[in-house]
Structures are given as structure tokens and as C-alpha cells.
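1. no FASTA, just this:
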């Protein structure tokens, strides 16, 4: 029997672990997920793996972790990179894996890490309340200056017809990078609903918002999103909605 | 004749492109490097590739870019991932590539991206002078709270003897993750010399500072660092020394 896929992460919010769930759900691959532990048990379990789990695995810095047999690895794009080819979601041409990894990494940089930093601009380990003023300033600048640049980039990728006129980041070929962009934009929507609504209604990024709907409509993804395996965003974790930060561009 | 390796990046600072240079230099692999263009030409060249260069390559968001034949890819860890196995620097065991990529990505997150953000806490596109107060606050917190956590992590990786007692991140096996950690720590030294000196003298992270010396002493790296191909840090780019930010932990 093949070793199971095991996601080791916190529970209570989708978080970065969500990217791992989405690729497995899209592929219909069975997996174990620590999200069904209690909050405290899941946290303790993450700590238990701090040493890397032996078998030549180095200690890791932060979850999500992914275990497959004796291999235990960290870093979201790295886990996706491991799974992508196994699940047939890493492209169709020679070296597509590197194109897909670049797109997935860019989505995580721009719409996961940078959005996280809107509520933690001074330090990841400092409570939000102690950096609220800076958070407001960063959020306003993000909405007004960065978000348009970021959406314009994804619109540019989706308009590129070098790989056919299909709706995906690689044209006709659906890959896990599409799932990453979907999840990142979904989280940004939760954090900045007013700004994203304004951007959608501007019509300038039609392909980006259409892409989100197209991913959402894929049968396995739609079924997953409607299931109890999909956790809700909360006001902790990567994507948080703070009234003060949810501004619109002027 | 095999296609040449081509690094497409800005010129004038080591920057993120430096990680690509170091892996190629360590392996003694010939490569083309746009750093020998003028500043303006290099910048214009980066812009010329915005569309991804055809051949099924998607548009990219930010350099460094790497070209090998028809393939053009972005994202520093992704470029290293492409080169690592070709250059024999991605480990010795099955699946080591994912262990090495996790380590390299973690070094880039903690000691490149987070150090960059000490001088740009509010927005990457906003001049430093407009976020100087926040930069001071972030730098102080980084030195006092984050740096010890980060150095303790690398000390923990280097103390892990699951792969032999060698000085590298994977014990006896030297990989490109060692080059990434070296370059990140080298940049952090430039930005925060007082804090790094204090950390070194504390003796708590002896393996981390020894690791830096061991990488620096590798013959190809030593020759490269002494050559005119190694660019100097400047007060623009990722690593910047600002007197105001260069504090010590209390």
C-alpha cells in the first residue's frame, strides 16, 4: 500500500495549508489532515515535528508541513511542487513545472505574504493592536498602489495567448498555479471586500475575476468549498478583515 | 552546443540575482550575466522580457530572470531549483531536492525578504524616507526579537546530526541551500553589523557563524568573492545600512 499524503498544520482557518488541500481535492487524492484535531492538539502536533521527523529531514521553521512516507517537507510552494507532477497538475510541456512554480510563488508573494503584512507591517510576532496605525497606513497604500499593479499583472498573464486562449494561467492547461491564485484572491476578498469589489467593477481586470469563478466552478473544487473540510476565514491567520483597513482607492 | 545559462537582472548591487551567480560559480559553470551592461541598459533589458519571452513562458512580475534555451523563468528559489540537480548541488538522497528547496526558501524568507522589509515596512514602492519612522521601529523589533529566533533556527538545523556531523545544512552533504544561507547572512551583516556582531559574540549561534566562514572558504566561492564579478552592497537594493536602524539588543 502506498504511503498516505499527510498535511500537518494548524486548524481553525484555511491558512497556507489550504493550498495543499486544494491541489489534493482537485485531483481527488485521499489525504490525512490534522485540521480534524482540536485547536490545541493541532498546535501541539505542529510543535512535535519541529525536529524534522528524522530520516534525513532537516528541522523546519514554520508549517504547513507535509509528510509522505519518510519524507517530511515544509514551505507551501515546495509542497505543491512535490505534489504537482504526481497529481498531473504541473503543466503539459517540458519544464512547465518551473513555469507553474514561478506563477504559484508569485501569487503567494503578492496576494498572501503581502496581504498578511498589511495587518502585521512591523513584526509578525507583535500583536495587531500594537501596530494598528502602521497597519492602516500599509493597507491604504496597498489598496491604492499595490493592488492595481498586482491585478494588472495577473490580467497580463491571463491575456497572454501563447498557450491557447483558454482561461487558465497557462492558457488551455489547468495547473496548480490556478488553484493558488484562486485561493489568494479569495483570501484578499475576505480581507478587503470593498477594494476588491471596486476593482472588479472597474472592468479592468475582467480576466482575473472570471478566472476566480472558473476555478470555483470546477466540480471537485465546488464540492470541496461546499463541504465541512473548507474552513472559514477568521480574524486571525493570514487574511483578516479589519474595518479600518478596508478602504477604497480614491 | 548546449544553450548557455543566462542571468537577466539589474546591475549595481548583488541583489537576489546573487543567489544564481553563487550556485553557478560554485559549480564552475559558464554563464552570461547582464550585470556587465550599464545600469540603464540592464534595467531596460529586464523590462524587455516582461512578456515572458514567448515559447510558452508566461509574463513574469519581477527579476531575477533566468534563460536557458527557450525556457525563461523567474523567482529566485525556482531558478535554483532548476539549476540545483543539473549542477550536482541538490543533495544526495531521494527527494533531497525538496529538503534543499525548503531550506533555501526559508533562508530567503527570513534573511532576505524580512530584512528587506526592515527598510520598507509600509510599501515596497514608497521611498524609504517616507517610511523612516516605521523602518526604525521594525528594525529594532527585528534585532531584538526576530533575529534571535532566526539564528536559533539555523543553529538547530546545523546541530541536527541526522545526516552526519559535517558543517552543512544537510550535514555532510553540501548543497545550494548552504550558498543561499551564506548570501543571506552576508547581506544581513552589511545591513545590521552591530546586531550581527553582538549575536556572533554571544556564542549562542557558533555553528551559524562558522557555516558562513566555511562557505566563504570554498575555493570557487573565495575566488568569486575576490573577483570583479562580485558587486558591492549599496544603500539601495535589498540590504541597506542605515545608521538609525543598526541597533543592538538590550
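-> That came through, no problem. Computed from a predicted model, the values in this text were never measured in an experiment.

2. use CA for all of it now, contacts and neighbours both
-> Will do.

3. Quick one: name the residues of chain A near chain B.
-> On the criterion CA under 8 Å from any CA of the partner chain, chain B has as its neighbours in chain A the residues A:54-61, A:71, A:73-75, A:78-79, A:82, A:95, A:98-99, A:101-103, A:105-106, A:121-123, A:134, A:137-138, A:141-142, A:153, A:156-157, A:160, A:162-163, A:169-170.

4. Any regions of chain A where pLDDT drops low?
-> A:1 (pLDDT under 70).

5. quick one: the helices in chain A?
-> Along chain A, the segments classed as helices by DSSP state H run A:17-27, A:39-48, A:76-86, A:96-108, A:114-119, A:132-141, A:147-159, A:176-191, A:193-201, A:206-216, A:219-225.

6. And the buried ones among the residues of chain A next to chain B, selectable in ChimeraX?
-> The buried residues among the residues of chain A next to chain B can be selected in ChimeraX (16 or more other CA atoms under 10 Å in any protein chain shown) with this line:
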select /A:54,56,57,58,59,60,61,71,73,74,75,78,79,82,98,99,101,102,103,105,106,121,122,123,134,137,138,141,142,153,156,157,160,162,163,169,170
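
7. picking that back up, and of the helices of chain A, who's closest to residue A:246?
-> Shortest distance between residue A:246 and those, using CA to CA, is found for helix A:193-201: 6.2 Å.

8. So which bits of that closest one are buried?
-> Neighbour-count burial for helix A:193-201, counted by 16+ other CA under 10 Å, picks out A:193, A:194, A:195, A:196, A:199, A:200.

9. Between those residues, which sits nearest chain B?
-> Distance to chain B across the buried residues of helix A:193-201 (CA to the nearest CA) is lowest for residue A:195, with 17.2 Å.

10. so what's the closest one closest to, chain neighbours aside?
-> Distances taken as CA to CA, 6 or more residues apart in numbering or on different chains place residue A:248 nearest to residue A:195, at 4.8 Å, with adjacent residues excluded.

11. which residues does that neighbour contact?
-> Neighbouring residues of residue A:248 by CA atoms under 8 Å, 6 or more residues apart in numbering or on different chains: A:140, A:143, A:144, A:194, A:195, A:198.

12. and what of residue A:119?
-> By CA under 8 Å, 6+ apart, the contact list for residue A:119 reads A:128, A:131, A:132, A:135, A:136, A:138, A:139, A:240.

13. Is there a neighbour count for residue A:67? I'd like the number.
-> By other CA atoms under 10 Å in any protein chain shown, the residues close to residue A:67 number 18.

14. Return the set of residues that bridge with it.
-> Beta bridges link residue A:67 to residue A:6, residue A:72 when assigned by DSSP bridges.

15. pretty sure it is touching residue A:5, no?
-> Yes. At 6.2 Å, residue A:67 counts as touching residue A:5 under the criterion of CA atoms under 8 Å.

16. What's the end-to-end length of stretch A:31-46?
-> By CA to CA, to the nearest Å, the extent of stretch A:31-46 from end to end equals 17 Å.

17. My error: substitute stretch A:199-209 in the last question.
-> By CA to CA, the extent of stretch A:199-209 from end to end equals 9 Å.

18. and of the contacts of residue A:119, the nearest to chain B?
-> Set against chain B, the nearest of those by CA to the nearest CA is residue A:138 (4.8 Å).

19. Contact partners for the residue lying closest to that closest one once chain neighbours are set aside?
-> Residue nearest to residue A:138 in three dimensions, not counting chain neighbours: residue B:122, with 4.8 Å by CA to CA, 6+ apart. Going by CA under 8 Å, 6+ apart, residue B:122 touches A:121, A:134, A:137, A:138, A:141, B:131, B:134.

20. try 7 Å this time
-> Residue B:122 makes contacts with A:121, A:137, A:138, B:131, as judged by CA atoms under 7 Å, 6 or more residues apart in numbering or on different chains.

21. Report the spatially nearest residue to the first one, omitting neighbours in sequence.
-> I take that to be residue A:121. Excluding the flanking residues, the one nearest residue A:121 by CA to CA, 6+ apart is residue B:121, at 5.5 Å.

22. Enumerate every residue touching the one you found.
-> Residue B:121 neighbours (CA under 7 Å, 6+ apart): A:121, A:122, B:134, B:135.

23. ok, and for stretch A:228-247, which residues are buried?
-> Buried residues in stretch A:228-247, counted by 16+ other CA under 10 Å: A:230, A:233, A:234, A:238, A:239, A:240, A:241, A:242, A:245, A:246, A:247.

24. need the contact list for the second one.
-> Residues near residue A:233 by CA under 7 Å, 6+ apart: A:13, A:14, A:239.

25. From those residues, pick the one nearest chain B.
-> Checking the contacts of residue A:233 against chain B with CA to the nearest CA, the nearest one is residue A:239 at 17.4 Å.

26. My read is that that closest one contacts residue A:116, right?
-> Yes. Counting by CA atoms under 7 Å, residue A:116 is a contact partner of residue A:239 at 6.2 Å.

27. that older thread, which one among the buried residues of stretch A:228-247 gets closest to chain B?
-> Nearest member of the buried residues of stretch A:228-247 to chain B, counting by CA to the nearest CA, is residue A:245, at 13.2 Å.
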